[in-house]
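In: got a predicted model here, sequence first, then my questions.
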Amino acid sequence: MSIGTPEPLDRERAHLTASRTALRAMRADAESLDIRDVTANWVNAQVLQQQIEQRIEALADLAHTPLFFGRLDYLHAPGADQAAGASGGAARSASGGGGGGRREGERFYIGRRHVHDADGDPMVIDWRAPVSQPFYRASRKDPMDIGLRRRFGYTGGQLTAYEDEHLTDPAEADTTSKLLQSEIERPRVGPMRDIVATIQPEQDEIVRAGIGGTVCVQGAPGTGKTAVGLHRVAYLLYAHRERLARTGTLVVGPNRSFLHYIEQVLPALGELHVKQATVDDLVAHVEVRATDTARAACLKGDIRMAEVLRRAVRSGITTPTEPVVVVRGSRRWRIPAYELEDIITELKERDIRYGAAADALPQRVAHAVLTRMEAAGEAPDDRVQDAVARSQPVKAAAKAMWPPVDPAKIVLRLLSEPEFLARCADGLLSADEQKEILWAKPGRGVKSAPWSAADAVLIDEAMDLVRRTPSLGHVVLDEAQDLSPMQYRAVGRRCTTGSATVLGDIAQGTTPWATASWQEALAHLGKPEAAVEELTRGFRVPREVIAYASRLLPAIAPDLAPATSVRESPGDLRVRAVAPEELTAAVIAACRESLEREGSIGLIAADARIPALAGALTEAGLPCLSPGEETSEQARLTLVPASLAKGLEYDYVVLDEPSAVVDGEPDVRTGLRRLYVALTRAVSGLIVVHAAALPGELTLSA
Ligand SMILES: Nc1ncnc2c1ncn2[C@@H]1O[C@H](COP(=O)(O)OP(=O)(O)OP(=O)(O)O)[C@@H](O)[C@H]1O
């Protein structure tokens with residue numbers, strides 16, 4: 001690595017200026033497009049206009065977002081397949097000009113988007129293009145035909161530094177990148193940022209994994225799972241734009257504050273239209289107004305409920321005892337009960353949705369009538385079959401044999417009628433378990449019933465049993481460890497024909513039904529063949545803090561190895577014991593102390609402590625934000641209930657009373673996992689303030 005002398009830096013700045021001019025020209029071109037002549041109809045014109053506006057929006061030159069952050073000098077011109085992303089004519093040659101055949105070294109500037117000059121020659125290559133891949137993956141061991149890799153450093157939008165690696169030069173020593181290090185160490189203010197300039201090789205493997213397969217990533221806190229998931233979406237949208245435009249992509253996160261925190265990453269990467277939702281959003285078919293006990297929620301999320309629901313949905317299917325008689329003109333056609341029974345049996349055995357079978361049944365009966373007509377010498381056509389299928393006796397018989405099912409009503413019945421539940425759950429749920437999930441008072445109607453979040457998932461399952469849920473092209477599921485089997489199924493049915501990226505950390509599972517193994521989770525998701533990758537290099541939590549938090553691992557996830565930290569600074573860890581009456585004041589003092597440092601501050605506390613701390617902060621004249629609200633230079637302190645800390649990070653964390661965080665959960669393991677999450681939010685420093693004894697697991701030395 002070498003820090004550049006002014007002269008090459010000037011040349012690089014000139015390329016930046018020229019690239020920005022080219023980008024402005026591209027935008028001006030898009031703005032001047034006149035579509036009046038090419039579109040005859042209004043709808044097409046609207047669609048096209050919208051596409052142009054999106055393109056104009058995407059071509060904005062953002063002063064503080066570097067247009068390129070790297071440069072690759074290839075030893076030889078890349079092959080045709082690799083050069084795909086460098087489209088628009090020959091790339092610039094490192095030696096100043098192109099050439100025929102396998103040209104000598106070509107040079108590519110790597111940035112967030114593709115920029116070309118007036119001749120169509122690339123000035124900046126999209127980071128997702130194949131030709132950009134060595135920027136992330138090339139190493140001394142495998143230089144990938146790269147003579148020089150250059151990383152650029154920016155200060156406030158100005159190109160101020162660069163670092164070089166000559167990967168094929170045996171004399172050059174391996175060093176860690178200062179630019180990478182300073183990006184990792186930078187103070188955190190504002191929402192989550194993209195990591196496009198510094199994606200690490202092990203992360204890039206996941207980002208660029210093929211769209212065909214599902215990838216599952218187990219990663220310790222701060223190993224970049226969320227970042228990787230979001231960059232993977234951006235990559236897939238680039239590599240499979242048309243397919244995904246048709247089928248759609250979705251990012252699923254644990255709660256609204258988390259989604260707010262990450263919502264600007266994809267737009268910064270030029271992807272403005274990716275849907276983000278929580279699992280609750282996906283299944284919001286009824287108004288949730290009740291909370292289950294932990295045991296009831298566990299049972300409702302249990303995989304056995306899938307079969308209970310299947311039986312419930314099919315519970316109304318009846319074996320006919322009467323024939324169906326259809327009168328056409330002067331003739332009567334009679335389908336005997338035993339033949340109807342055969343049709344029902346056959347439909348029951350077929351692997352089709354309940355609703356699709358209900359649609360098929362009248363046609364089957366009509367077909368039986370038609371067969372009889374033909375046997376009697378008539379020549380009925382399809383229209384006759386349709387007419388018979390729609391005839392009153394056939395419709396009435398079909399409805400009686402295979403009655404329509406309203407998914408919410410069937411779940412309402414299950415949770416309200418002990419006999420119905422007993423029938424559907426026979427051999428699956430014990431009497432005691434059935435009692436646990438039954439409502440104390442039967443629900444009167446779908447609108448007014450005391451639905452819980454877990455009930456909404458059951459309704460979603462029932463809906464899918466009736467009508468197939470449309471599948472998206474790709475789903476990223478973050479903080480996946482917290483999902484119940486039934487929730488995995490809800491997400492899985494949204495990517496049956498697509499693929500998924502599943503991100504999580506078993507040690508951070510804080511629901512009573514949290515995932516015990518990824519294999520199991522992937523089976524519930526419907527992707528048992530997915531590969532499980534592990535990320536262990538932590539980019540957030542400093543060494544001393546992660547070591548302290550990792551003391552909990554033997555109790556919460558004994559099979560997992562502690563994360564390492566790539567941060568240079570060991571971190572600032574302080575644990576302060578105070579008298580109970582001094583606790584709040586000591587916490588406020590720790591916040592003040594942290595506010596003297598640069599960056600964001602998170603005061604994390606058990607949910608029950610939040611009102612008292614909010615009052616104390618106001619009294620102390622320290623304004624604070626809620627999680628997910630954007631921090632800024634003026635407002636840097638966020639008061640975070642432990643239940644919402646997941647996925648977030650702050651430069652300095654003040655943790656109030658760890659034992660209260662543990663006690664806030666229904667069982668000790670969940671409590672310790674919640675504490676582990678709270679302890680691993682800090683980027684630079686952590687102050688733990690406690691009056692009660694610390695949980696024993698934390699006081700054991702590592
Ligand atoms: N390659 C990288 N370069 C720079 N920063 C990185 C890199 N990878 C991750 N980071 C940063 O590290 C921090 C943690 O990343 P992220 O939130 O994605 O981790 P996570 O594994 O999802 O953590 P958690 O399990 O706690 O939710 C973020 O600030 C992210 O930007």
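Out: Alright, I've got the coordinates.
In: which residues sit against stretch 455-462?
Out: Residues outside stretch 455-462 that contact it (Cβ atoms under 8 Å, 6 or more residues apart in numbering): 279-280, 282-286, 288, 300-301, 305-306, 309, 312-313, 405, 407-408, 410-411, 414-415, 451, 469, 484, 486-487, 489-490. Glycine gets a C-beta too; all of them are placed from N, C-alpha and C.
In: just the CA coordinates for that stretch, please, in CSV.
Out: What follows is stretch 455-462, C-alpha atoms only, in CSV (Å, rounded to 0.1, in the frame of the first residue of the first chain):
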residue,chain,number,x,y,z
ASP,A,455,-53.3,-16.0,15.0
ALA,A,456,-52.7,-13.8,12.0
VAL,A,457,-50.0,-16.3,10.9
LEU,A,458,-52.6,-19.1,11.2
ILE,A,459,-55.0,-17.2,9.0
ASP,A,460,-52.2,-16.8,6.5
GLU,A,461,-51.6,-20.5,6.5
ALA,A,462,-55.3,-21.2,6.1
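In: that one - what's its average pLDDT?
Out: The pLDDT scores in stretch 455-462 average 98.
In: what's the local residue count around the closest residue to the ligand within the stretch 551-700 of the chain?
Out: Closest contact between the stretch 551-700 of the chain and the ligand, by Cβ to the nearest ligand atom, is at Gly647 (4.2 Å). By other Cβ atoms under 10 Å, the residues close to Gly647 number 24.
In: swap in the one 3 residues further on?
Out: Using other Cβ under 10 Å, Tyr650 has 29 other residues around it.
In: so how far is Pro336 from it?
Out: Separation of Tyr650 from Pro336 (Cβ to Cβ, to the nearest Å) stands at 74 Å.
In: do the same with Ala284
Out: 46 Å.
In: which one of these two has more residues nearby?
Out: Comparing Ala284 with Pro336 by neighbour count (other Cβ under 10 Å), the higher total belongs to Ala284, at 15 against 12.
In: what about the ligand: which of the contacts of stretch 455-462 touch it?
Out: With Cβ under 6 Å from any ligand atom as the criterion, these include none near the ligand.
In: so which of the residues you listed are in helices?
Out: With helices taken from DSSP state H, the overlap with the contacts of stretch 455-462 comprises 279-280, 282, 300-301, 305-306, 309, 312-313, 407-408, 410-411, 414-415, 486-487, 489-490.
In: avg pLDDT for stretch 14-25?
Out: Here the average pLDDT along stretch 14-25 is 93.
In: residues touching that stretch, excluding its own?
Out: Against stretch 14-25 from outside (Cβ under 8 Å, 6+ apart): 59, 61, 67-68, 109, 111, 115-118, 123-124, 159.
In: got the buried residues for it?
Out: Neighbour counts using 16 or more other Cβ atoms under 10 Å place His15, Leu16, Ser19, Arg20, Ala22, Leu23 of stretch 14-25 among the buried residues.
In: format these as a markdown table; extra columns: distance to the ligand and secondary structure.
Out: Conversion of the buried residues of stretch 14-25 to a markdown table gives the following (distance: Cβ to the nearest ligand atom, whole Å; DSSP: H, G, I helix; E, B strand; the rest coil):
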| residue | distance to the ligand | secondary structure |
| --- | --- | --- |
| His15 | 24 | helix |
| Leu16 | 22 | helix |
| Ser19 | 23 | helix |
| Arg20 | 25 | helix |
| Ala22 | 28 | helix |
| Leu23 | 25 | helix |
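In: possible to save these as a markdown table with distance to Thr214?
Out: Shown next, in a markdown table, are these (distance: Cβ to Cβ, whole Å):
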| residue | distance to Thr214 |
| --- | --- |
| His15 | 40 |
| Leu16 | 39 |
| Ser19 | 37 |
| Arg20 | 40 |
| Ala22 | 39 |
| Leu23 | 36 |
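In: what's the most distant pair in these?
Out: His15 and Leu23 (12.4 Å; Cβ to Cβ).
In: can you pull the contacts of the closest residue to the ligand within the stretch 451-600 of the chain?
Out: Among the residues of the stretch 451-600 of the chain, Phe539 lies nearest to the ligand; the distance is 3.4 Å by Cβ to the nearest ligand atom. Neighbouring residues of Phe539 by Cβ under 8 Å, 6+ apart: Ile184, Gly222, Thr223, Gly224, Val566, Arg567.
In: which non-adjacent residue is nearest the last one?
Out: By that I understand Arg567. Once flanking residues are discounted, Arg567 sits nearest to Pro542: 4.8 Å by Cβ to Cβ, 6 or more residues apart in numbering.
In: give me the neighbour count for that neighbour.
Out: 24.
In: Leu347 against Asp359, yeah?
Out: No. In this structure, Leu347 is not within contact of Asp359 by Cβ atoms under 8 Å, at 10.4 Å.
In: the lowest-mean-pLDDT helix or strand in the chain - contacts with which helices or strands?
Out: Of all helical and strand segments in the chain, the minimum by mean pLDDT, DSSP states H and E falls on helix 42-58, at a mean of 74. Packing partners of helix 42-58 (3 or more Cβ pairs under 8 Å, 6 or more residues apart in numbering; DSSP states H and E): helix 6-31.
In: give me the angle between the helix it packs on and helix 42-58.
Out: Following axes from the mean of the first three to the mean of the last three Cα atoms, to 10 degrees, one obtains 160 degrees for the angle between helix 6-31 and helix 42-58.
In: how about the residues of the chain near the ligand?
Out: When proximity is defined as Cβ under 6 Å from any ligand atom, the chain approaches the ligand at 183-184, 195, 198-200, 203, 219, 221-227, 505, 508, 539-540, 647, 649, 680.
In: for the residue of the stretch 551-700 of the chain closest to the ligand, what are its contacts?
Out: Applying Cβ under 8 Å, 6+ apart, we find Gly647 in contact with Thr226, Gly253, Pro254, Phe258, Tyr261, Ile262, Asp478, Glu479.
In: ok, those vs the ligand, which is closest?
Out: For the contacts of Gly647, the residue nearest the ligand by Cβ to the nearest ligand atom is Thr226; the value is 3.5 Å.
In: neighbours of the residue lying closest to that closest one once chain neighbours are set aside, just the number please.
Out: Of all residues not flanking Thr226 in the chain, Asp478 sits nearest, at 5.6 Å (Cβ to Cβ, 6+ apart). Using other Cβ under 10 Å, Asp478 has 25 neighbouring residues.
In: okay, Leu347 and Asp359: which has more neighbours?
Out: Leu347 (19 against 15).
In: can you tell me, leaving aside adjacent residues, what's nearest to the more buried one?
Out: Ala357 (4.5 Å).
In: pretty sure Ala290 contacts Ala454?
Out: No. With contact defined as Cβ under 8 Å, Ala290 does not reach Ala454; the gap is 9.9 Å.
In: who's more crowded, those two?
Out: Taking other Cβ under 10 Å, Ala290 and Ala454 do not tie; Ala454 has more neighbours (25 against 12).
In: domains of the chain: list them as residue ranges, please.
Out: As recorded under automatic domain parsing, the domains making up the chain are 6-175, 204-286+466-538, 324-401, 543-699.
In: redo those as TSV? Include distance to Ala296.
Out: Output for these, formatted as TSV (distance: least, Cβ to Cβ, whole Å):
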stretch	distance to Ala296
domain 6-175	46
domain 204-286+466-538	10
domain 324-401	26
domain 543-699	12
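In: which of those domains has the lowest average pLDDT?
Out: Mean pLDDT values for the domains of the chain show the minimum at domain 6-175, a mean of 80.
In: ok now that domain, how far from the chain's centre?
Out: Distance of domain 6-175 from the chain centroid (Cα atoms, centre = their mean, to the nearest Å) equals 28 Å.
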